[in-house]
Structures are given as structure tokens and as C-alpha cells.
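> based on what follows, work out the 3D shape:
(chains A and B)
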There are 2 protein chains.
Amino acid sequence: MIKNLGRSTIVFDEPISILGYASVVGKKEKEGPLGKYFDKAYDNNKFGEETWEKSESRLQTDAVQLAIEKANLLPQDISYIFSGDLLNQCTSSVFGLREFDIPYLGQYGACSTMAQTIAMASIFVASGCGKYCSAVTSSHFCSAEKQFRFPLDYGGQRTPTAQWTVTGSGSVVIGKGENSPFIKAVTIGKINDLGIKDANNMGAAMAPAAADTIKNYLKDTNQKPDDFDLILTGDLGQVGSTLLIEMLDKDGINIAPYHNDCGLMIFDLQKQDVHAGGSGCGCSGSVLCGYILDRVKNEDLNNILFIATGALMSTTSSQQGESIPSIAHLIHISKSM
Amino acid sequence: MIKNLGRSTIVFDEPISILGYASVVGKKEKEGPLGKYFDKAYDNNKFGEETWEKSESRLQTDAVQLAIEKANLLPQDISYIFSGDLLNQCTSSVFGLREFDIPYLGQYGACSTMAQTIAMASIFVASGCGKYCSAVTSSHFCSAEKQFRFPLDYGGQRTPTAQWTVTGSGSVVIGKGENSPFIKAVTIGKINDLGIKDANNMGAAMAPAAADTIKNYLKDTNQKPDDFDLILTGDLGQVGSTLLIEMLDKDGINIAPYHNDCGLMIFDLQKQDVHAGGSGCGCSGSVLCGYILDRVKNEDLNNILFIATGALMSTTSSQQGESIPSIAHLIHISKSM
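Numbers count the residues shown, from 1 in each chain, chains lettered A, B, ... in the order given. All right, here's what the predicted structure looks like:
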């Protein structure tokens, strides 16, 4: 059963489980501080494929396959798959999932996609639309640079606020059941836009969206930051994380003791020369599915909020002088029912 | 309540209503055979905006606003809005809906988006996630040509199988209630790919997806084409429509007496020089919300199947020699509960 709280929070009254989860990453992510936690980590970034786009699709194929295996299911057991990515017309998802023959619902939330697809999969399972649903997203440094910034060979300089797109993918399988971890609630975000126009400072553009969604969730459910072990944002990086903490602090909400950001965790910012941190749909996807969910299931984390943030611009909108609208969706994940 | 039939059909056991619907189109669509049925039809294609992209966003703003008004609601009454479009990173949707301050879930199904967003909005209402949900999509001839084909000024020749992207938008508001028309069921499609590589023949690429989804729906619900007054595909155009009828005929399913296609209805194919017909998310969106739903609510149509089809390629995937994967989602719409 589903209960609606406030404007946009959806609470599940029965146990909705993450039955399987998997992460797949590239070379730089393997060499980072979380390298040993990913289910599969390649030693190169092409994975035997011909193009960067096909390599990104391969990440999704691998992650979905592994998550379904870890849930002890087969692709034909999955009722619906929710996926999205950063490439034009979401082609990483389409070509990566084409072979599975699973009813497909393409999602677009930029780097908020891991939270959005988990929300959709959970709602479809809770409402009885299907027994098992998959969620997946990906990003690839090379396909993203090529599409959004400069040709790789150009070797463009990066600004101090720029983030490094993660080559990675995360996938989960959701079903009813008594397997930890559990999805307890989701909050769907609104489009926020405070007028940031610098496409090399996405963290600043996305921080207001994260602040808005966290505030809405805490208000809708009458909870406070102390109720959680970890408040994990997707890829705000260093600039955005600082802004988020400041913005919430002004509203009397202190998340600092519990906050971390996937973009700050996946790389060693200094040693790996990634400036303000990691980004991309695959950043929060791989960190959640590779490092965090294990800690919820088996270790120290009891109650976490996962807030993936997305910058909803395109190269065209930026070239036309538009600001960067952003969004953040939130998932409450818990060790116990 | 929601009932799941077969692999991918979702049936609603209580009345799910289309409380409001609206369509907005450009100049060529106003001059076409359905011109008088659209809620708003502009005499030009820029609508006072600076760029084609902003013009497309304006179509969504208008359509959503009108549909909400026709449902006797305000934007703040809408729990969630589902939207998507053809532009890179779905920016028509983001910039068109930014001002509404409604929790937003971006969808990507290419030209299947009108059916996908209606499906999502219906499921969210039926499952109790929210009281009212909006669905919207759009396309614009000029933004699509610029992005997918050639600069407009180039004046490129079009092949006989090419379709003309509709400048238009359709939007609905879904809620529980006893207002006709009703959403009775939806079938979610799988990614189909029979290897078509000609980006100027999308109808052929999409026909197998439509055939697959129609077959699944009829099998899951144990119905036959005779149970419907109209089986309406999104934008298969002349080539795709012929193929669809042939493909289903081989499986002993004769839809010919009931079939029509939004892409064949919106333009006079000969007089308006649109070759194989109309296309784009806005084609099925504006025809459904501008012409068809009125006929279901007030006139001759009692039971219809609406099947919007999408071609899930990008310019990059086509340039890399990939085939065109396609998808089709189906909505069963009825005059009575």
C-alpha cells in the first residue's frame, strides 16, 4: 500500500525490498578509494567496444545482468525496467537494455536518474503493477566530455569548480519481501532554478534542488537529520555540498554531521586530479549500489537518505544563454522493515 | 486498485478519469484537416519566442495550463507532472514546465511519450501516489529538423518515406472520478529492433513495436480488434501503417477496419506536401488531445486503443551505423466506466 504525505512524498506501508544490486565502473573509479567495493571494475574504459557510447551501454548491460543474478532472478522475471542516462535521446539505456526483452520505461532526470528510477520501480512494485522491477543508470567520462564539452583529444583546461564524469553504472532489483535493505519512502523533486549559468559549476546549480527536496521530505514526514546515519547526495561535489549545508543551515536544518556526497567519495580529489569531485548519473549509481547498500544490508548504516541531483540543461540551452534548472529526488533506505 | 495481466498490461479496477485535456499547435497544423479542433492554434511557428527551442517549450506551457484550467484545477492541485520530448536532454519539457512548481518526473520514450506519460499519470493516481497528475509532450518541426536533420536554411530534399515533424503539444490531467473519458488499461512496450537503419523511414522502424504491443494487449486482456471503434497509432505514417496492418494480419489479427494513424490525420498528405505523414511527440499528443478525446467524451467513439510509437535512436547512434530500436505503449480509453 502507498500513502501520500504532503505534496510529493510517497510512503510504503509494506516491505519493499532491494532484492539485488550491482555496480560496474571503469579504470579511474577502480583506482579510487572505493575501488574494491564495486562488483565489476574494468582496467580500461572501452570494455572491448568500438565507441564510447557502446562502452557506456555495456556498463548498463553488465550492471542490470549482475543485479538480476544477485536477486536470484532471470531477466524474464522482471516486469518493467526503468532507465535513463545523459546521452542525447538516452541511447546508452536503449542500446544497453535492448537485448533483455523487458518492458521498458525510459526516464530522464540527468544525474538524478538513479533516485528517479528507484522511485519508479518501488512505486510500480508497491502498487501491484509488477512483481519485480529493475532500475539502472550510467555515465561515461568519454561519451559525456565528447557530447557536453570538448573533443577528448583537444585536452581542454578544466575550471576549479568542474567535476569529473564518473564512468560507471548502478542497478537494483526491487520486489516485495523481507530482504534488507528496504525502500521506506520517496520524495519527488520540483524543478529549481536560481539562475546559475556556469555549466562548469553544476554543484552550485544543483544545491538548491537538493535543499528543497530534503526540506520537503523532513517536513512531510515530520523527521529531522538526527534520525539518519547518512544523508547522501548524488554528485554535488565540493562546491555544491558546501552550499547545500549552508542553505539548509539558514532554515535551521543542520545536516553537516550526517552529510556526504557520492562525488566526494568515489575519487581522491587531490591525487586523482578531479577538481571539485565526481559527477554523472553513474556517480551516485555506482557509489550507492557498490558501497552504500552493502553497508545498509550488512554493516553500520541503519537509516539513510539518498538524494540524487540532476542539472537539466543541454548544450543548446546553455549556448542560448539559459540558466541551469535542477532537480533532486530522495529515497529513504533502511536496514529494517 | 491496480491489476497486472500478463507480462506488461495494467488494468484499473476503479474509474480513472481524464479530467481535462488540451492541444496547442502551429501554423501548418492549423491549416490541416483537424485545424478547427485544437484548443489553440498559432498563425506562426515562433509564438513570440526568440528560438525554436523556446517556441517548443511555449507549446508545453500553453497545453499544460489549458488542460489544468479545463479540469477546473490550479497548478498547485497537481501532485506530479510527467513530460518528455525529442530535444537533447528533454529541454522543451524542463524549460516549458519550470514555472509551474509541480513535482516533475521526466520521461523519455521519443514519439511514444504521450502514451508513456498518460500511463505514468494514471498509475500514480490509481495507486494513491497523488490526487491529480498531469501528462504532456511536444515537438516542433524547426527544433527537430535543426537537431536531427539539416539546418532549416539548407532546404534539404526529403525522401518519399520521410515524415513531417508536427509542431504541437498535447496535455491531460488525470484523477479519480466519474468524468468521461476513462483510462481502463495500459500496456507497456518492450524495445523492438528488426534492424531498420534508415532514419528517413521511421514508420518502418516503429511498426514492429506497435504490432508487438497491440498483440500483447489483446492477448493479456483476451480481447479482439472488433471490441474497439478505433485503433489509433501515433505516427507510423503511410509506410508504417501499411506494415503494421500486414504484420498483424500474418498473426490472424485484422485491425484494418478500425485502424487510423495520427500522422495520417493531422495533415493532408498531398496538398500539404508532407510525404509519408506527420510525426513527432506532438503529433499523437495534439491529435489525441485535440480531436479524439472530444469524440470519446461527447460523440461517436466508445472504446479506443491509443498506441504511441517511438524511435529510440540518436544522430550519434545512426552515424555509428546502429539500427533504430523502437517502442510502443498502449492506452485503452473508454467513454464509460
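
> all strands for the stretch 101-250 of chain A, in order.
A:104-106, A:132-139, A:164-165, A:168-176, A:182-187, A:230-233 (DSSP state E, counting those that start in this stretch).

> so for chain B, which of these sits nearest?
Set against chain B and scored by Cβ to the nearest Cβ, those come closest in strand A:104-106, at 3.8 Å. Bear in mind the C-beta positions are built from the backbone N, C-alpha and C, glycine included.

> adjacent strands (with direction) for that closest one?
According to DSSP bridges, strand A:104-106 has the following sheet partners: strand A:80-85 (parallel).

> quick one: the helix or strand following the strand it pairs with to chain centroid distance?
Once the chain leaves strand A:80-85, the next helix or strand it forms, by DSSP states H and E, is helix A:91-97. How far helix A:91-97 lies from its chain's middle: 17 Å, per Cα atoms, centre = their mean, to the nearest Å.

> hmm, back to that, for residue B:34, which of the strands of the stretch 101-250 of chain A is the nearest?
In terms of Cβ to Cβ, the element of the strands of the stretch 101-250 of chain A nearest to residue B:34 is strand A:104-106, at 28.2 Å.

> can you list contacts of that closest one?
Residues from elsewhere that reach strand A:104-106 (Cβ atoms under 8 Å, 6 or more residues apart in numbering or on different chains): A:80-84, A:90, A:93-94, A:97, A:120, B:84, B:107-109, B:116, B:120, B:188-191, B:312, B:327.

> quick check: residue A:146 touching residue A:56?
No. Residue A:146 lies out of contact with residue A:56 (Cβ atoms under 8 Å); the separation is 10.7 Å.

> those two - which one has more neighbours?
Ranked by neighbour count (other Cβ atoms under 10 Å in any protein chain shown), residue A:146 and residue A:56 place residue A:56 first, with 34 against 18.

> now for the more buried one: which residues touch it?
Residues in contact with residue A:56, defined by Cβ under 8 Å, 6+ apart, are A:85, A:87, A:92, A:96, A:138, A:139, A:140, A:143, A:167.

> let's have these in JSON lines, adding neighbour count, distance to residue B:219 and pLDDT.
Listed next are the contacts of residue A:56 as JSON lines, based on neighbours: other Cβ atoms under 10 Å in any protein chain shown; distance: Cβ to Cβ, whole Å; pLDDT from 0 to 100:
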{"residue": "A:85", "neighbour count": "36", "distance to residue B:219": "32", "pLDDT": "98"}
{"residue": "A:87", "neighbour count": "29", "distance to residue B:219": "34", "pLDDT": "97"}
{"residue": "A:92", "neighbour count": "34", "distance to residue B:219": "31", "pLDDT": "97"}
{"residue": "A:96", "neighbour count": "25", "distance to residue B:219": "28", "pLDDT": "98"}
{"residue": "A:138", "neighbour count": "37", "distance to residue B:219": "33", "pLDDT": "98"}
{"residue": "A:139", "neighbour count": "30", "distance to residue B:219": "38", "pLDDT": "98"}
{"residue": "A:140", "neighbour count": "33", "distance to residue B:219": "38", "pLDDT": "98"}
{"residue": "A:143", "neighbour count": "28", "distance to residue B:219": "38", "pLDDT": "96"}
{"residue": "A:167", "neighbour count": "32", "distance to residue B:219": "41", "pLDDT": "98"}
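
> which one of the residues you listed is nearest residue A:199?
Nearest to residue A:199, judged by Cβ to Cβ, of the contacts of residue A:56 is residue A:139 at 15.6 Å.

> what residues are bridge-paired with that closest one?
When assigned by DSSP bridges, residue A:139 has beta-bridge partners residue A:168.

> hmm, residue A:169 and residue A:67 touching each other?
No. Using Cβ under 8 Å, residue A:67 makes no contact with residue A:169, being 9.8 Å away.

> out of those two, which sits in the more crowded spot?
residue A:169 (39 against 29).

> give me the number of residues near the residue of chain A found nearest chain B?
Nearest residue of chain A to chain B (Cβ to the nearest Cβ) works out as residue A:127 at 3.3 Å. By other Cβ under 10 Å, 22 other residues sit near residue A:127.

> how close does it get to residue A:13?
According to Cβ to Cβ, to the nearest Å, residue A:127 stands 12 Å off from residue A:13.

> tell me, what's touching these two both at once?
With Cβ under 8 Å, 6+ apart, residue A:127 and residue A:13 have common neighbours residue A:2.

> which residues of the stretch 201-337 of chain A lie near chain B?
Residues of the stretch 201-337 of chain A lying close to chain B by Cβ under 8 Å from any Cβ of the partner chain are A:312, A:313, A:314, A:315, A:316, A:317, A:320, A:322, A:325, A:327.

> by neighbour count, which of those residues wins?
Going by other Cβ under 10 Å, residue A:327 tops those with 31 neighbours.

> Three-state assignment for that residue, please.
Following DSSP: H, G, I helix; E, B strand; the rest coil, the label given to residue A:327 is strand.

> so where's the stretch 101-250 of chain A uncertain?
Under the criterion pLDDT under 70, no range of the stretch 101-250 of chain A is flagged.

> tell me where it has helices.
Residue ranges of the helices in the stretch 101-250 of chain A, as given by DSSP state H, counting those that start in this stretch, are A:113-126, A:141-148, A:202-221, A:237-250.

> who touches the shortest one?
Helix A:141-148 is contacted from outside by A:26, A:28, A:45, A:52-53, A:55-56, A:86-88, A:92, A:151-152, A:164-167, A:199, A:280, A:315, B:316, using Cβ under 8 Å, 6+ apart.
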